[in-house]
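# sequence? don't have it. structure:
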């Protein structure tokens, strides 16, 4: 198994605040990795650095062996990283269908000029993209609402649509930011199956930020643990469960929360 | 400023009367002669348009009270250009084709006249501008006339005045970059100064509608002129005079016909004293014709006329005179008769139309003294 | 050197007025996140309020001048609150653009109604008041103070003093009173502020009253310095003040004051040079340049979008 | 098959415009003038709609781009036209379209120059930069004697006719519609909805925004050329901030990001301006009241009965 994503001593500071400090981590091809930690540990910040929203202050991120420094988010998506957001960020006024269709953008052969000349090649591609979009929607059972505006979907469906949209970019690595947030236990179970299914069906690696221990422990092969921007542990779910530093971090924060 | 509405009502009454008479005696009363007017009745230069319009309406009422011309009543169809670019072309098209007017008065502002007049020219409808002083206006074509003097005339006259009467050797110029009127005057003033050997020691610009001229005036003051030439409209001029005196500039300030309005003195107060400008028509003019006009105007509108009121009054009377002389209300005939105008007795002076379709008539230079415009001297073309 | 000093003084007094108007833009933006285009016409109304109140309140003396100023501010405060209640409040929660167009509508309404009302009219009016001796006088007794070849008008001093007093009062209200704290809370997070029991509607009304009062003061001071008023007089200073607010960082009170002073100074300094006719262009060019390097304005903080 | 149909529509409109134009001699010139004003307004509003409505930018400088196009185009026809020594018909049917193209291209360049550096600004900041740009253009035009300065540019030939105005309007509408109705084009809407998400989905949002700006400015410039050759006279003061606002109002009244609504709004506002003319001084009061009442009662825009079409491949 070769390394897909590699973080070497990555640090980012906002003004005086060090949000992530010297974190190193890897995700291998086809692997399902969890990234956990108490609130404010810097998990989403790591996502934002990986996807190019923020540039790390120090350290190096490489994807497929190539450094990603200086790349814009869309260029990183081009390389094969796609993501969902902690607070759902669909295109609310676009239809469900268009939300997914737009994400095929990277694979488009046509551009503004073809949109105007509208030759046979343009049309063939549009038909092809429609089929691929519908196929994706069908897999996830959303084709019945394809013409609804995305904002009218239920919360669970919006979460799923966001994952579908991310898949449409054709990623090698999918970053999921708290996909189980706001779900009830039954939905969480459903989600775990869905994540497993995606990984196998689309043959990709997944990096998962999640609060729910059950979900993380249940599906991840490896887990990285952050606290206050530092990595405090890494290992299999079993290792993490018995790691004293992790227990301290979680119990500590739990104890604080209760007092 | 309620001129337009009252005129609208007035016109309504007149029209109503015509209509009522018409239903009973359609065979007897010929259709009125329609004359168009386009002016800035609203917007930034509404003052200019409304004062002109009041003069036009007064002329109209007098003409119709006297039985019209050639046995027909006259009707004026006024359109508003809102002081905006792009409107004049449309309203002139409306006047020439919709309202089927035989002649047009307007517009006082040179810029909008340049936009609207070519359309009348193409339609062969004569235009008489009351107050567009830009030389380009009558160059537009053989249908375009004016009853006012031109920028070259004013600029030249004021330079000559600075030289001969004020004995100025060094002058400063402050002109409005957004106004073709102001730039034109400044240009011809400069040309004449070169001829007379007056040195232009400072040149500053502002943009119409500005309120603070202290920076430019401070710079001008530093160049120690004997006189300042400030071609601009009264709105800006009032503030310029005020601020110039506040900054301790005591030399005479010369302006253009745009200075003439009661607001100049209202705004500048005592600071207006010692400024000089040419007028088309002086309230202090003692000729019976002018005095009568001022009296009738004041009675009709409850306020004194300005130069453009008199020009608007003359513009309509000149057209009607041409209809009378030519014996026809056809645009072509009116144009022909207008071109042949000699010694038309207007309230702004004896007007002759020259081969360039400009009015040849004397101008008066006034001096502001204790808030009054005092007639100083007449200058012939 | 004297000329430069003179220009600086002129610029400072013009800038102080811009600052007063800019504060209103910025305050409304702070709590409602929209550009109140009608603000420049509230400024115009302020000048007319001063024009009509002046003779009744004894303009021409120091006391009368202050009363007139206060009266105009009160009129504008009421006007601001009324505009907000009638035109903006029903649109609460709608898109910014909807409110923006409404604001443009209100602005056009004020301008054109002004032109039509007989007492106001389209023609410029002189902002002067009849004195007992039959001569007209300004809002305040006026003298020219000379320092060597430097000339400072007492009006310029008054503008600066009034601006400083009003800015201090504003600072006190915003930082030392309950309603000011509520304003700050709301501009920080409107939803949260309503959750902790702040009456957002009251805060908005108050903000409009405050901002409009400042615009009213600006209008009177502007008219006093440039005593020719007309219904369209608000447009240009309004635009400049708006630029000032953005320059300083819209939503930021000291930023608006700083932006106003800067625009006033730049304008005056440019006016005295060869490129004076490019003055408005230069003011905008500076704004654009500053925004290129500081996209949130001079003192504004860029809100890092949470992803 | 949708796509030949869309192009068919374009051809039909062009033919009708040509046909009607051939008989324009029989139409009341005033009506003709207003009709051409409508055509130009449709071009202006639709092109701004691409920027403000569909891509979610907020430009307040459309009049500036229009001015750039108007002056470029008018300079070409007034300086080159008389030197060519060919018939007016040739000038009107060959030189004039070339001048419109030139006007569009120069405006598009200006759009690029303004758009590229300023697109990282958002919302109100972008609005003020575009507004500033418009004012800068106006001031420059006022100061350049070669284009008439403040006096304005006189003697522009009246080449604009029904055919040209409505052809340009039709092409503009087609281009905006065509750009948006493709997988590529949905990207404009995605950028308007959520830039961060769009970027994360691999969309080069900057490129989208610049494309919208450049295409929008191009057609604003062409509209300017039409305007110049309709009015026959250009004055920098005519392209001020209020002109930009007029166009923004059309877009918002029509419903941001609606094709048909914005066209209707452009027509209605031009016709309204003429209808209210007889109200004289009350016109602007009525206009402003109408604006306020409309926004209070139909804030989503006046002409938006249906939901935006969800998808059209």
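Sure, I can see it. A quick note: this is a predicted structure, and the numbers were derived from the prediction, not measured.
# relative to chain A, how far out is residue C:51?
Using CB to the nearest CB, to the nearest Å, we find residue C:51 at a distance of 49 Å from chain A. Using the backbone N, CA and C atoms, a C-beta is placed for each residue, glycine as well.
# elements contacting the helix or strand harbouring that residue?
In this structure, residue C:51 sits in helix C:39-57 according to DSSP states H and E. With contacts taken as 3 or more CB pairs under 8 Å, 6 or more residues apart in numbering or on different chains; DSSP states H and E, helix C:39-57 sits against helix C:2-32, helix C:62-83, helix C:96-116, strand C:129-130, helix C:200-225, strand C:228-229, helix C:235-248.
# next, the angle from the first one to helix C:96-116.
Using axes from the mean of the first three to the mean of the last three CA atoms, to 10 degrees, the inter-axis angle of helix C:2-32 relative to helix C:96-116 is 120 degrees.
# only the buried residues of helix C:2-32, if you could.
C:6-7, C:9-32 (16 or more other CB atoms under 10 Å in any protein chain shown).
# near chain A, which residues of chain D show up?
Contact residues, chain D versus chain A (CB under 8 Å from any CB of the partner chain): D:1, D:3, D:6-7, D:174-175, D:178-187, D:189-190, D:192-194, D:196-205, D:211, D:215, D:307-308, D:310-311, D:313.
# just the buried ones from those residues?
Among these, the ones that count as buried by 16+ other CB under 10 Å are D:3, D:174-175, D:178-187, D:189-190, D:192-194, D:196-205, D:211, D:215, D:310-311, D:313.
# contacts only, for the residue nearest to the spatial centre of chain A.
Nearest residue to the geometric centre of chain A (CA atoms, centre = their mean): residue A:175, 1.8 Å. By CB atoms under 8 Å, 6 or more residues apart in numbering or on different chains, the contact list for residue A:175 reads A:47, A:50, A:51, A:81, A:82, A:83, A:84, A:206, A:207, A:208, A:209.
# mind running it again at 7 Å?
Residue A:175 is in contact with A:47, A:50, A:51, A:81, A:83, A:207, counting by CB atoms under 7 Å, 6 or more residues apart in numbering or on different chains.
# for residue D:214, same thing?
Per CB under 7 Å, 6+ apart, neighbours of residue D:214: D:108, D:111, D:112, D:115.
# go on, residue A:234?
residue A:224.
# what's the mean pLDDT across the helix or strand containing it?
In the assignment (DSSP H and E), residue A:234 maps to strand A:230-235. Strand A:230-235 comes out with an average pLDDT of 90.
# can you list the strands that that strand pairs with?
Strand pairing for strand A:230-235, using DSSP bridges, gives strand A:222-227 (antiparallel).
# what lies in contact with the partner strand?
Contacts of strand A:222-227 (CB under 7 Å, 6+ apart): A:23, A:25, A:31, A:33-38, A:41-43, A:216, A:231-237, A:240, A:246, A:249.
# in which helix or strand would I find the nearest residue to residue D:276 once chain neighbours are set aside?
The spatial neighbour of residue D:276 that comes closest, neighbours along the chain excluded (CB to CB, 6 or more residues apart in numbering or on different chains), is residue D:283 at 4.1 Å. Residue D:283 belongs to helix D:283-297 when elements are defined using DSSP H and E.
# can you give me the buried ones in that helix?
Within helix D:283-297, the residues that count as buried by 16+ other CB under 10 Å are D:283, D:284, D:285, D:287, D:288, D:289, D:291, D:292, D:294, D:295, D:296.
# thought the last one was touching residue C:90?
Right, the one you point to is residue D:296. Yes - judged on CB atoms under 7 Å, residue D:296 makes contact with residue C:90 at a distance of 5.4 Å.
# what's the closest non-adjacent residue to residue C:28?
For residue C:28, ignoring the flanking residues on the chain, the nearest one in space by CB to CB, 6+ apart is residue C:36 at 4.5 Å.
# surely the one you found is in a helix?
No - Residue C:36 sits outside any helix when classified using DSSP: H, G, I helix; E, B strand; the rest coil, being coil.
# show me what contacts it?
Residues in contact with residue C:36 (CB under 7 Å, 6+ apart) are C:25, C:28, C:103.
# likewise residue C:152?
Residue C:152 is in contact with C:9, C:145, counting by CB under 7 Å, 6+ apart.
# residue D:81 - that's part of a helix, no?
Yes - membership of residue D:81 in a helix is supported by three-state DSSP.
# now the strands for chain A?
A:3-14, A:17-28, A:32-36, A:58-63, A:66-67, A:81-83, A:173-177, A:205-209, A:222-227, A:230-235 (DSSP state E).
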